[in-house]
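>>> sequence first, predicted model second:
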Amino acid sequence: MKTFHSTFPAAPEIGDELLSVPSGVAAGLVTGAGAGVSATGAAAAVPAAPARAALIAIAPMVARKGLYNTGIQSLADAFWAASLWRTVLFVRGSSAPDFGGLRFAGLAAGARLPVSFRSQPGRTNTVVAVIVALIDSGLGMLPTAAWLRRLRPDLDLLLQADPDGAPWGPKPTEWVIDRVLDTARQALRLGAEVIVLPCNTASVTALEHVRAEVGPQVPVIGTVPAIKPAAAVCSTVAVWATAATTASSYQADLIARFGGDADVTGVACHGLADAIDRGDLDAVEAAIAAAVAQTPPGTEGVVLGCTHYPLVVDAIVAALPPAVRLFDSAEAVAAQTLRRIDALGRPAGGSGTVTVVNSGRPGELPASAAAYESGRLLGRVVAREG
């Protein structure tokens, strides 16, 4: 949990009002020079970049006054984090704290900060909302994110994709570990207090590394293929996954531990996840047909062992024999995430924002996400905030 400590006298309350402003409108400028936002929250339309520059310029003064003590790497990081969002946190009241003649009137340039800060003399100020970061190279995070959205619509989601580095599956293990760790570190800087890896490759290679990096105070939820429930009710099971996951000792261990008496076969679905990321439905159909051909005859259950595959579940169902049962872990991962959030023991409701970061940069869902129901659900939220 991130905290702010204020030591200046007569500090105003911050976060009593969250007002939406258009992207590109600078609010929360340093006042005293006659521009920006007044202490009563009147916004002026000015470019975003000068606002951020002004805020970063006064960061050392804010730190010296004792306002900043959050565990984020720098106050500049906090302002940059706020700039990923599209609501401005206004200072309310007749006065604002004075830092060497500069009046600090608020936060961020054309930004949304989905948490409520309260600053009062002699009191610790707490970030109330829980932000959940979901990390994947591409669209595989969408099914879990969509389940979180359905189960708890007020939860604030941070979707961190990596189009520059995708796909992760064929990459060397150390490369993937470093990439996932860098993304997790950014998630913390952006205020995330729960991290989900809705990606089998990331979970196979980097889950324990992420847990060691962030410490026990930050829940990290990985993705495990639904082998156990499938083996409990089916005597023959095929696990559809990427080539990297199929060949991994991680999956072999899961089969040995949870396969029970079932006959479990790994099926490498070459090219399926990549085709889903591209939104290439013809290539998706061809990859599914190839996977069906590799699936042993008489298979009773198919485990979707890649988080991308639920996005095309209808096409998979159509290609398999009618009696075959499908097993997917997206809903279970979402439910476990909510249990871990609730275990934090504090209010978890936010404003239901969905923010997208692509390879470390503020962005939006790719056009290919609109080919899938989960992408359309989340895309509507992003569009409303845009």
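Right, received. Where do you want to start?
>>> so the closest residue to Gly305 other than its chain neighbours bridges to which residues?
The shortest distance from Gly305 to any non-neighbouring residue, by CB to CB, 6 or more residues apart in numbering, is to Ala241 (3.4 Å). All C-beta atoms are positioned from the backbone trio N, CA, C, and that covers glycine. Taking DSSP bridges as the rule, Ala241 bridges to Ala268.
>>> right, and Ala241 touches Asn200 too?
Yes: counting by CB atoms under 8 Å, Ala241 does reach Asn200; the two are 6.3 Å apart.
>>> what do those two both touch?
By CB atoms under 8 Å, 6 or more residues apart in numbering, Ala241 and Asn200 have these common neighbours: 225, 305-306.
>>> which one of the residues you listed is nearest to Ala332?
Pro225 (10.6 Å; CB to CB).
>>> any idea of the pLDDT on that closest one?
If you check Pro225, the pLDDT there is 94.
>>> please name the residues that touch the residue nearest to it when sequence neighbours are not counted.
Leaving aside its sequence neighbours, Pro225 sits nearest to Gly305 (CB to CB, 6+ apart; 3.9 Å). Counting by CB under 8 Å, 6+ apart, Gly305 touches 200, 225, 239-242, 245-246, 251.
>>> tell me which stretches of the stretch 251-386 of the chain form helices.
Per DSSP state H, counting those that start in this stretch, the stretch 251-386 of the chain carries helices over the ranges 272-278, 281-294, 313-319, 330-342, 373-385.
>>> for Gly191, find the nearest of those.
It's helix 330-342; of those, that one is closest to Gly191 (CB to CB) at 14.2 Å.
>>> quick check: buried residues in that closest one?
330-334, 336-338, 340-341 (16 or more other CB atoms under 10 Å).
>>> show residues contacting it.
130, 132, 143-144, 146-148, 151-152, 155, 194, 196, 198, 219, 221, 223, 226, 307, 310, 348.
>>> and if you look at stretch 312-323?
For stretch 312-323, the external contacting residues (CB under 8 Å, 6+ apart) are 272, 276, 281, 284-285, 288-289, 292, 295, 300, 302, 304, 309, 326, 328, 372.
>>> for the residue nearest to Pro225, give me phi and psi.
Backbone torsions of Gly305, given as degrees, to the nearest 10, read phi -90, psi 10.
>>> then Thr236?
phi -130, psi 130.
>>> how much space between it and Ala323?
According to CB to CB, to the nearest Å, Thr236 stands 11 Å off from Ala323.
>>> give the residues shared as contacts by those two.
By the contact definition CB under 8 Å, 6+ apart, Thr236 and Ala323 are jointly contacted by Glu300.
>>> compare these two (neighbour count), which wins?
Per other CB atoms under 10 Å, whichever of Thr236 and Ala323 has more neighbours is Thr236, with 18 against 9.
>>> surely the more buried one meets Pro296?
Yes: counting by CB under 8 Å, Pro296 is a contact partner of Thr236 at 6.8 Å.
>>> partner residues bridging Leu159?
For Leu159, the beta-bridge partners are Leu134, Val356 (DSSP bridges).
>>> okay, now the closest residue to Ala330 other than its chain neighbours: neighbour count?
Counting by CB to CB, 6+ apart, Pro143 is the residue found nearest to Ala330 once chain neighbours are left out, at 3.8 Å. Look at Pro143: counted by other CB under 10 Å, it has 27 neighbours.
>>> could you list the buried residues of the helix or strand where Pro143 lies?
Using DSSP states H and E, Pro143 falls within helix 142-151. Within helix 142-151, the residues that count as buried by 16+ other CB under 10 Å are 142-149.
>>> for those residues, give me a markdown table that also has pLDDT.
Below are those laid out as a markdown table (pLDDT from 0 to 100):
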| residue | pLDDT |
| --- | --- |
| Leu142 | 98 |
| Pro143 | 98 |
| Thr144 | 98 |
| Ala145 | 98 |
| Ala146 | 98 |
| Trp147 | 98 |
| Leu148 | 97 |
| Arg149 | 97 |
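>>> hmm, Leu155 and Val130 touching each other?
Yes: Val130 is in contact with Leu155 according to CB under 8 Å; the separation is 7.2 Å.
>>> run through who's touching stretch 285-302.
In contact with stretch 285-302 (CB under 8 Å, 6+ apart) are residues 230-231, 233-240, 265, 267-272, 275, 312, 315-316, 319-320, 323-327.
>>> please redo it, this time with the cut-off set to 6 Å
230, 234, 236-238, 240, 265, 267, 269, 271-272, 275, 315-316, 319, 324-327 (CB atoms under 6 Å, 6 or more residues apart in numbering).
>>> now swap in stretch 344-361 and tell me
With CB under 6 Å, 6+ apart as the contact definition, stretch 344-361 has outside contacts at 84, 114, 129-130, 153-154, 156-164, 341, 363-365, 378, 381-382.
>>> and stretch 209-226, by the same measure?
Applying CB under 6 Å, 6+ apart, the set of residues contacting stretch 209-226 from outside is 177, 181, 184, 194-198, 200, 203, 207, 239, 303, 305, 307, 327, 329, 333, 336-337, 340.
>>> tell me the buried residues in that stretch?
Buried residues in stretch 209-226, counting neighbours by 16+ other CB under 10 Å, are found at 209-211, 213-214, 218-226.
>>> stretch 252-267 now?
Applying 16+ other CB under 10 Å to stretch 252-267 flags 254-255, 258-259, 262, 264-267 as buried.
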